[in-house]
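1. have a look at this prediction, sequence included:
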Amino acid sequence: MAPVKRIKLGSQGLEVSAQGLGCMGMSAFYGPPKPEPEMIALIHHAINSGITFLDTSDVYGPHTNEILLGKALKEGMRERVELATKFGIIFADGKMEIHGDPAYVRAACEASLKRLDVDCIDLYYQHRIDSKVPIEVTIGELKKLVEEGKIKYIGLSEASASTIRRAHAIHPITAVQLEWSLWSRDVEEEIVPTYRELGIGIVAYSPLGQGFFSSGAKLLENISTDDVRRVHFPRLQPENLDHNKMLFDLVNEMAAKKGCTTSQLALAWVHHQGDDVCPIPGTTKIGNFNENIKALSVKLTPEEMTELEFIAAADAVKGDRYISGVTTYKNSETPPLSSWKAS
């Protein structure tokens, strides 16, 4: 296997493996938590394979995924990875709350440092934008955490172009996490160009469409009854799935001609968006990890890129990304700074 190349993520000095590992599914949302020893073995396998950019969040579990990574990064492993985690989401009484006030930001960071058992977080994201708190206030507190050495780089997730501009004016934003894949391309018109103008790296989460490009419509046959994909992702619901299966079939057909798997082709398409983009596919199986890493070796010609983008045109997918009420970059604006009154 060829060595995994390194890329500069953003323009602030962060360097990561060209592909990362999303760790969420090991502990939360995609069915019950997986056995801890197996997940630690998977994380170690990833690191030893050259995939060193690890992504987690305090809401995964909640908290248990960070604890898992803390255990996995013992005995010299911490120095070999770029560790990213997030703050800002709380589930209370079955509802999602978003928090970005300074006191919460600081408390969340301190708690993540303790669970991860590290002195500093490499990349610290605001997981979703708090529409009640001016982004300048949230970034101001994150800037203090950088100055104190508790975090190295600041990131945002699902942030609009204007929110990013306001945030970047307070402190340079290193990376933004967004959903970008063959079936989620609505960021390409305005969001991605803004990030590139500002020199901000792009971390593409769900680059396999929540697992859709791994197994297509059979995905729902293979996941547990408590997997959130059964309810919370409209594109995987019966009223949309038959239509979306046609997209999978076309990509699968192209992959067969190419001599790779459908997931490798879908990941390769994300890689070919540029060296400022790092996809972070998640998995809980070493076999799937080994398949995903091979996407780095799949080369696509301009003609193949054109064909893929024709297959996966912006209107090719039926259904929203999330159920209504889930915050995304489209509703991530915050109030003006002049309106802020600290509580």
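-> Perfect, I can see it now.

2. now the one helix or strand Leu247 maps to: buried residues?
-> With elements taken from DSSP states H and E, the one containing Leu247 is helix 238-258. The neighbour-count check on helix 238-258 (16 or more other CB atoms under 10 Å) flags 240-241, 244, 247-248, 250-252, 254-255, 258 as buried. The C-beta positions use only the backbone N, C-alpha and C, and glycine is treated the same way.

3. what sits against Arg229?
-> Arg229 is in contact with 30, 210-211, 219-220, 223, 236, counting by CB atoms under 8 Å, 6 or more residues apart in numbering.

4. now do 7 Å
-> By CB atoms under 7 Å, 6 or more residues apart in numbering, the residues touching Arg229 are 30, 210, 223, 236.

5. shouldn't the second one be within a helix?
-> No. The assignment for Gln210 is coil, going by DSSP: H, G, I helix; E, B strand; the rest coil, so no helix is present there.

6. could you check how far the nearest residue to Val228 once chain neighbours are set aside is from Pro134?
-> Nearest residue to Val228, sequence neighbours excluded (CB to CB, 6 or more residues apart in numbering): Phe29, at 4.8 Å. Look at Phe29 and Pro134: by CB to CB, to the nearest Å, they are 30 Å apart.

7. between the two, who's got more neighbours?
-> Pro134 (22 against 16; other CB atoms under 10 Å).

8. give me every residue that touches the more buried one.
-> 334-337, 339-340.

9. check those residues against Thr85 and report the nearest one.
-> Taking CB to CB as the measure, Thr85 lies nearest Thr334 of these, at 21.7 Å.

10. which SS class is Gln177?
-> strand.

11. show me the strands in the stretch 151-300 of the chain, by range?
-> 151-157, 175-179, 201-205, 277-279 (DSSP state E, counting those that start in this stretch).

12. give me the sheet partners of the longest one and which way each runs.
-> The pairing partners recorded for strand 151-157 under DSSP bridges are strand 121-126 (parallel), strand 175-179 (parallel).

13. which residues touch it?
-> 12, 14, 84, 86, 109, 120-128, 139, 142, 145-146, 164, 167, 171, 173-177.

14. repeat that with 8 Å
-> With contact meaning CB under 8 Å, 6+ apart, strand 151-157 is reached by 10, 12-14, 84, 86, 109, 120-129, 139, 142-143, 145-146, 163-164, 167, 171-178, 203, 205.

15. can you turn the buried part of these into a PyMOL selection?
-> Burial among the contacts of strand 151-157 is assessed by 16+ other CB under 10 Å; the matching PyMOL selection reads:
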select buried, resi 10+12+14+84+86+109+120+121+122+123+124+125+126+127+128+129+139+142+145+146+163+164+167+171+172+173+174+175+176+177+178+203+205
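
16. quick revisit: pipe the strands of the stretch 151-300 of the chain into TSV and attach mean pLDDT per row.
-> Below are those laid out as TSV (pLDDT from 0 to 100):
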stretch	mean pLDDT
strand 151-157	98
strand 175-179	98
strand 201-205	98
strand 277-279	98
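
17. let's have those strands in a markdown table, adding distance to Arg6.
-> Listed next are these as a markdown table, based on distance: least, CB to CB, whole Å:
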| stretch | distance to Arg6 |
| --- | --- |
| strand 151-157 | 16 |
| strand 175-179 | 15 |
| strand 201-205 | 13 |
| strand 277-279 | 10 |
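
18. how close does the most centrally placed residue in the chain sit to Pro32?
-> In the chain, the residue lying closest to the centroid (CA atoms, centre = their mean) is Tyr205, at 3.1 Å. Look at Tyr205 and Pro32: by CB to CB, they are 21 Å apart.

19. what ranges of this protein fall below the confidence cut-off?
-> 343 (pLDDT under 70).

20. okay, now the nearest residue to Ser11 once chain neighbours are set aside: neighbour count?
-> Using CB to CB, 6+ apart and skipping residues adjacent in sequence, the residue nearest Ser11 is Gly199, 3.5 Å away. By the measure other CB under 10 Å, the count of residues near Gly199 is 15.

21. specify the beta-bridge partners of Ile154.
-> Residues in beta-bridge contact with Ile154 (DSSP bridges): Tyr124.

22. which stretches in the stretch 1-150 of the chain count as strands?
-> Using DSSP E, counting those that start in this stretch, strands in the stretch 1-150 of the chain cover 6-8, 15-17, 20-22, 53-55, 82-87, 89-92, 95-98, 121-126.
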